[in-house]
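In: After the sequence you'll find the predicted model.
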Amino acid sequence: KSIIMMRSNGLQRLVAFAVVMTACFALFLRYPAKTLRLELPIPQDFSVYLNAWERAKAHESPYVAADGLPYKYSPGVLPLVGLLPPHPANAWYVFGSLSLFLFGLALMSGGRWSTWKEVFLLVVGLALGWKGLIENLDYGQLDLLLFSVAMISGALLGRWPFFAGLLAGTLPWFKLPWALLLLPLWLMARTDSGPSGLAPRAPRRLRMLVSGFALASLTWGAALPSFVFGSQRALEYSQAWLELLRTQPSSIYLHDMNQSIWVLLPRWAGMTPALPTPFTIALTLMLAGVALGILVSATPRSRGSLASLTPWVLFLQLMNPLAWRWASLLVVGVPVACDRAGPADRKPSAWAFAGWGAVTALWLIQLNPFARLMGATHWTEFHPFGTIGLYWLVLLLLMLERGRLR
């Protein structure tokens, strides 16, 4: 009987692998492959990274605020750009292909996929995040890479906590808010699947996790830039990076593509311009505190990184002052997180049914045929109303609701 069950689980995991490979291969053919054949131009945001590296090679500052699309990542990221092929089309082909490979690896390592229900939830998750996947590759953004690294980090935590910390410590040097990912990894590392509290190896696992995170921070923040550019230029670049982040114009926060909760609340309140006020800041912090409390208290045990980290990643995205719409790819793990966060014998609440109904409606209006039925010519016309941010928020509330019932 056990052999039959193992074969059945192997079949289900094989089907999950086929689903993931099909999705990744379809995206590969649509973006990196077409760019290599010169059927598509280099994504505009990806070209920013290449231009920044060219400036750094010429001993110029890569941080130019006057650029329409300035480079905003840390100096430690630039040497990674330098590892790509020199021709822009080849560089995007390698980067896009690597991102999709890591995404497939993250999905397969981040879930169990041992039942047909889990396989179905994987398909639903890919459907929920498909628009974000397309836009991420269309613009040449890094969210696909960051999400994949985060999930792989969580998958490595059990056996190789040092390497998990090493990967997680890399993420803040791309986007600073990702530093908070250390908190759920810490909670996962110190949690045992049994009732006895700390696992025997938990203290060592925590030390290894923090050591890896600290080493990555030192490497990307100081060691690598100093080695590549020299200590003086590395210091100048770091200062220019922080100054660019500090002096970003308010217009960038008001862009329709920004779906951060910090600007959504003023938008929904009808404030013009939709910038945070003392009231909306206080309300945002209060809601964030409640959400953070639920996330900490409901940290799952032995459920896989996709289910465990998706609520945190989506929370980080909403709390990021600049949360661009293409980050919808982060929601691919929401169905798994919702399914496995609460007791198996508990029936879905009325709130859950209402929430999934809202998610369905918000997902449909991201499709142009349904957007036209609502009087729009393109689905992006709903962005000023914060529809993508609301989409994320409802999905986060669904995961929090399941965590609260745990």
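Out: Cool, got the structure.
In: Identify the residue nearest Ala216 in space, chain neighbours excluded?
Out: Spatial nearest neighbour of Ala216, excluding adjacent residues (Cβ to Cβ, 6 or more residues apart in numbering): Gly169 at 2.8 Å. C-beta coordinates here come from the backbone N, C-alpha and C atoms, glycine included.
In: residues near Glu39, how many?
Out: Applying other Cβ atoms under 10 Å, we find 8 residues neighbouring Glu39.
In: And it, how far from Pro32?
Out: Glu39 is 11 Å from Pro32, where distance means Cβ to Cβ, to the nearest Å.
In: What residues of stretch 109-122 count as buried?
Out: 109-114, 118-119, 121-122 (16 or more other Cβ atoms under 10 Å).
In: how about the helices in the stretch 151-300 of the chain?
Out: 161-168, 182-189, 202-218, 224-229, 231-246, 250-253, 261-268, 278-297 (DSSP state H, counting those that start in this stretch).
In: Kindly compare burial across those helices and name the winner.
Out: helix 161-168 (a mean of 24; mean count of other Cβ atoms under 10 Å).
In: which helices and strands sit right next to that one?
Out: helix 143-156, helix 182-189, helix 202-218 (3 or more Cβ pairs under 8 Å, 6 or more residues apart in numbering; DSSP states H and E).
In: out of the ones you listed, nearest to Leu265?
Out: Evaluated over the helices and strands packed on helix 161-168, closeness to Leu265 peaks at helix 143-156, with 22.9 Å, by Cβ to Cβ.
In: Put the alpha carbons of that closest one into PDB.
Out: Coordinates of each C-alpha in helix 143-156 appear next as PDB, following Å, rounded to 0.1, in the frame of the first residue of the first chain:
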ATOM      1  CA  ASP A 143      10.800  40.900  -9.100                       C
ATOM      2  CA  LEU A 144      10.800  37.500 -10.700                       C
ATOM      3  CA  LEU A 145      14.400  37.000  -9.700                       C
ATOM      4  CA  LEU A 146      13.900  38.300  -6.200                       C
ATOM      5  CA  PHE A 147      10.800  36.200  -5.600                       C
ATOM      6  CA  SER A 148      12.600  33.100  -6.800                       C
ATOM      7  CA  VAL A 149      15.700  33.700  -4.600                       C
ATOM      8  CA  ALA A 150      13.400  34.300  -1.600                       C
ATOM      9  CA  MET A 151      11.500  31.000  -2.100                       C
ATOM     10  CA  ILE A 152      14.700  29.000  -2.700                       C
ATOM     11  CA  SER A 153      16.100  30.500   0.500                       C
ATOM     12  CA  GLY A 154      13.200  29.300   2.500                       C
ATOM     13  CA  ALA A 155      13.500  25.800   0.900                       C
ATOM     14  CA  LEU A 156      17.200  25.600   1.900                       C
END
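In: Tabulate the helices and strands packed on helix 161-168 (CSV), appending distance to Ser260 and mean pLDDT.
Out: Shown next, in CSV, are the helices and strands packed on helix 161-168 (distance: least, Cβ to Cβ, whole Å; pLDDT from 0 to 100):
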stretch, distance to Ser260, mean pLDDT
helix 143-156, 14, 96
helix 182-189, 20, 91
helix 202-218, 25, 92
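In: looking at the ones you listed, which is closest to Leu390?
Out: Nearest of the helices and strands packed on helix 161-168 (Cβ to Cβ): helix 143-156, 18.9 Å.
In: Report the inter-axis angle for the helix or strand of the chain with the lowest mean pLDDT versus helix 143-156.
Out: When the helices and strands of the chain are scored by mean pLDDT, DSSP states H and E, helix 2-30 comes last with a mean of 83. Helix 2-30 runs at 160 degrees relative to helix 143-156, counting by axes from the mean of the first three to the mean of the last three Cα atoms, to 10 degrees.
In: elements contacting the helix or strand following helix 2-30?
Out: For helix 2-30, the following helix or strand on the C-terminal side (DSSP states H and E) is helix 32-36. Packing contacts for helix 32-36, counted by 3+ Cβ pairs under 8 Å, 6+ apart, involve helix 88-110.
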